[in-house]
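Enquirer: my questions concern the predicted model and sequence given below.
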There are 2 protein chains.
Amino acid sequence: MKLRLLTPGPTPVPEETLLELARPVFYHRSPEMKQILAETLEDLRYVFCTKNPVVTLTSSGTGGMESALVSTVPQGGKVICLIAGRWGERWRNICKAFGFEASSVEVPYGKAIDPEQLRQALARHPDAVAVCCTLCETATGVAGDVEAFGKIVAETKALLLVDAISGLGTMPCRCDDWRVDLCVTGSQKALMMPPGLAFVSVSDKAIKAMEKNTSPRVFYLDLRKALAKLQEQDTPWTPANTLIRALRTSLKRIRSEGLENVWARHERLAAAARAGMQALGLELFAERPAPGLTVAHVPAGLDGAALLKLLEKKYGLKLAGGQDTLKGKIIRLAHMGHVDQFDVLAALAGLELALLELGRPVKIGAAVSAAQQVFAAAVLPA
Amino acid sequence: MKLRLLTPGPTPVPEETLLELARPVFYHRSPEMKQILAETLEDLRYVFCTKNPVVTLTSSGTGGMESALVSTVPQGGKVICLIAGRWGERWRNICKAFGFEASSVEVPYGKAIDPEQLRQALARHPDAVAVCCTLCETATGVAGDVEAFGKIVAETKALLLVDAISGLGTMPCRCDDWRVDLCVTGSQKALMMPPGLAFVSVSDKAIKAMEKNTSPRVFYLDLRKALAKLQEQDTPWTPANTLIRALRTSLKRIRSEGLENVWARHERLAAAARAGMQALGLELFAERPAPGLTVAHVPAGLDGAALLKLLEKKYGLKLAGGQDTLKGKIIRLAHMGHVDQFDVLAALAGLELALLELGRPVKIGAAVSAAQQVFAAAVLPA
């Protein structure tokens, strides 16, 4: 059976990147490594839309989030967390673990934070030193309005920290234009790599905050150490150097397609997935849907786990379900990274057949046809 | 030109492990991943000589060291660091970064800590909560007497933390018998993997210390979170799952050779390397030489950097030089992990030719012949 990995991370890795991963290991303090770090830095800047340094960490995305917080926020500092799901909660949990004072702005799962809520929170907490938000809330499929958050936070002394782990590379995230101070992503989403690396862009405002921060709570994930070494095309600790070498290949693929084309592709895949699911009578879950994944309610009376299992075992389609309180209640179809229109068609076609087999009233062909309408619209000139 | 990676990490990765690294990425919350975590846990326990849990972290070895320290040592806690080189200093630097009170026992580079020094330090600091030491001081090639340290620390309330990053798998490190509480290693040394993973074994005594530790200074590297998830064959954060899948293959190779045979091979390679270098008139650097690497002084009047460059560029032999104050003063030939007797012969042969070319008086054949004597002794029954 042919397998299609359509989970919101890890995502499919291009064949040429997989082959890079199988190349012999090399010494990490070498001219070759410096060259790789220099090249990937430039390509990461391109994907982050920034002139700022972008640090590569050997960790998961959560390690990147922690590094952004603990490198900049002083002991007991006040942090506003914008929470629309599990990944917004991750920000708050890190704050709690380090004794920061987390003040939360929350909306129900499936909803998006209104920028006005942030404005009010900052008015209530003028002493906040950081605002943490999420570009794509992977748990619900909701896109955060980071551009609007950025305009508001830029007027204050606070830093804007963005978890862009499953968003960056699927949708616009113009770090410099939007005044993002610390933008975090991971390797295993739209950057088309296995898990193991995190990336953090760092603004001048963030660097100034770090220089003042003397809290004894950071070493391995210290962005100051990483930034100092980055200037010499080096890393403070032994990096996962074969992953970084392979990253270079995946980043070249993004360069070659063109970042705006990559965003447009993801938007097109999302529009097709939404059209297809709606044609099957599925109700979409996200108020402000992100382009990297499409989330739908499991219809009443249907066993969500059985649906996912059937898709995986019979059709090789690996989608994700809900997490925590959303377990069994939603299905999440990711179309991020190395995914094209025919992968989305395959997912919708499998969904039609699986729903049919599970006894749902399905008009066979409705989903794939609705998706094709979206793709057709992109074929002819406007 | 054929390349031979003979640095003390990264080390050569077996071909079958490299091919595993090129396999498609898979979902990390899956029965397949649980199976892989269960298998690698058992094989890690075998290599660590322990019945205790061994946590797998997505980080460098330094991340593993930090996780062991910050998970167990309370705010302001007193830590005795046994320092015989750069990697012992790493323990002290982590302590400083987290505001622990580090008390150092130091010996000059190239020397080994006398267990009696530790006994005296513990008498001076009966309130120490942890003792940090190094199994193989990669910077100098000195082996630490962890067995003796363990006997002394076991009589106290302190925990014994061992940086076994470049030692584990090259030499005995019997975590349970030696009463090691937290043993740390990395993937890119004798475990024959690329960098990106760290491993920490955790004793009951360490678990009790963690449970009492409420310091707000750990999240991503929190061993408590990792241990809780390990019980479900899971990880708290997205792991570098393709690295862990490939690790399984490298660990099977150790199982198949047999751990005691692996240790004996490393001891034999080290004995041969030492005999070869001495036959060339090189002075050995380490007082108590470790089996994973052999370190020699650069002879007076010789440019150490030129020697290493010649070995690399002309013969494909990648050895390492000294770090920090030892830069240019020593050469380090690593024979750890996927290295055999003919690799060591190649290194010695290259060394003979390079020294000849650099104008040193060399008796051609002396080093390889001396090494062969060592290998020959292993051929015939005792």
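Expert: Received, thanks.
Enquirer: residues in a beta bridge with the closest residue to chain B within the stretch 251-382 of chain A, which ones?
Expert: Closest to chain B within the stretch 251-382 of chain A is residue A:318: 5.7 Å, counting by CB to the nearest CB. Glycine gets a C-beta too; all of them are placed from N, C-alpha and C. On the basis of DSSP bridges, residue A:318 takes part in beta bridges with residue A:5.
Enquirer: surely it touches residue A:5?
Expert: Yes. Residue A:318 is in contact with residue A:5 according to CB atoms under 8 Å; the separation is 5.2 Å.
Enquirer: what about the residue nearest to the spatial centre of chain A, distance to chain B?
Expert: Among the residues of chain A, the one closest to the centroid is residue A:166, at 1.3 Å (CA atoms, centre = their mean). Applying CB to the nearest CB, to the nearest Å, the value for residue A:166 to chain B is 11 Å.
Enquirer: please name the residues that touch that residue.
Expert: By CB atoms under 8 Å, 6 or more residues apart in numbering or on different chains, the contact list for residue A:166 reads A:8-9, A:87, A:135-136, A:138, A:186, A:189-190, A:290, A:292-293, A:336.
Enquirer: closest to residue A:111 among those?
Expert: Closest approach between the contacts of residue A:166 and residue A:111, by CB to CB: residue A:290, at 13.1 Å.
Enquirer: report how many residues lie close to the closest one.
Expert: Neighbours of residue A:290 under the rule other CB atoms under 10 Å in any protein chain shown: 29.
Enquirer: pretty sure it is touching residue A:136, no?
Expert: Yes. Between residue A:290 and residue A:136 there is a contact under CB under 8 Å: 4.1 Å.
Enquirer: what is in contact with these two at once?
Expert: Common neighbours of residue A:290 and residue A:136 are listed as A:142-143, A:166-167, A:170-171 (criterion: CB under 8 Å, 6+ apart).
Enquirer: taking those residues together, which two end up most distant?
Expert: A:142 and A:170 (13.2 Å).
Enquirer: the two - which one has more neighbours?
Expert: residue A:170 (31 against 25).
Enquirer: how about the nearest residue to that one, chain neighbours excluded?
Expert: residue A:292 (3.7 Å; CB to CB, 6 or more residues apart in numbering or on different chains).
Enquirer: how close does residue A:14 sit to chain B?
Expert: 10 Å.
Enquirer: now do the contacts for that residue.
Expert: Contacts of residue A:14 (CB under 8 Å, 6+ apart): A:192, A:249-250, A:253, A:338.
Enquirer: among the residues you listed, who's most crowded?
Expert: residue A:192 (26 neighbours).
Enquirer: before we move on, what SS does the residue lying closest to residue A:97 once chain neighbours are set aside have?
Expert: What sits nearest to residue A:97 in space, not counting adjacent residues and going by CB to CB, 6+ apart, is residue B:219, at 4.0 Å. Secondary structure, DSSP: H, G, I helix; E, B strand; the rest coil: residue B:219 is coil.
Enquirer: quick one, helices of chain A?
Expert: A:15-21, A:31-48, A:61-72, A:86-97, A:115-124, A:146-154, A:204-212, A:223-230, A:241-257, A:259-279, A:304-315, A:341-357, A:366-379 (DSSP state H).
Enquirer: pLDDT of the first one, averaged?
Expert: Confidence over helix A:15-21, taken as the mean pLDDT, stands at 98.
Enquirer: mutual contacts of residue A:142 and residue A:170, please.
Expert: A:136, A:290.
Enquirer: average pLDDT across stretch A:113-126?
Expert: The average pLDDT within stretch A:113-126 is 98.
Enquirer: hmm, back to that, how much space between the residue nearest to residue A:97 and residue A:217?
Expert: Going from residue B:219 to residue A:217 by CB to CB, to the nearest Å gives 10 Å.
Enquirer: which neighbours do those two share?
Expert: residue A:98.
Enquirer: low-confidence bits of chain A, can you list those?
Expert: By pLDDT under 70, the low-scoring segments of chain A are A:382.
Enquirer: try 90
Expert: A:214-217, A:380-382 (pLDDT under 90).
Enquirer: where's residue A:46 relative to residue A:325, distance?
Expert: Using CB to CB, residue A:46 is found at 38 Å from residue A:325.
Enquirer: the more surrounded of those two?
Expert: Between residue A:46 and residue A:325, counting by other CB under 10 Å, residue A:46 is the more crowded of the two (14 against 10).
Enquirer: residue numbers of the stretch 201-350 of chain A in contact with chain B?
Expert: Taking CB under 8 Å from any CB of the partner chain as the contact definition, the stretch 201-350 of chain A meets chain B at A:216-222, A:237-243, A:318, A:320.
Enquirer: if we can go back for a sec, closest to chain B out of the shared contacts of residue A:290 and residue A:136?
Expert: residue A:166 (10.7 Å).
Enquirer: find the nearest non-adjacent residue to the closest one, please.
Expert: residue A:138 (4.3 Å).
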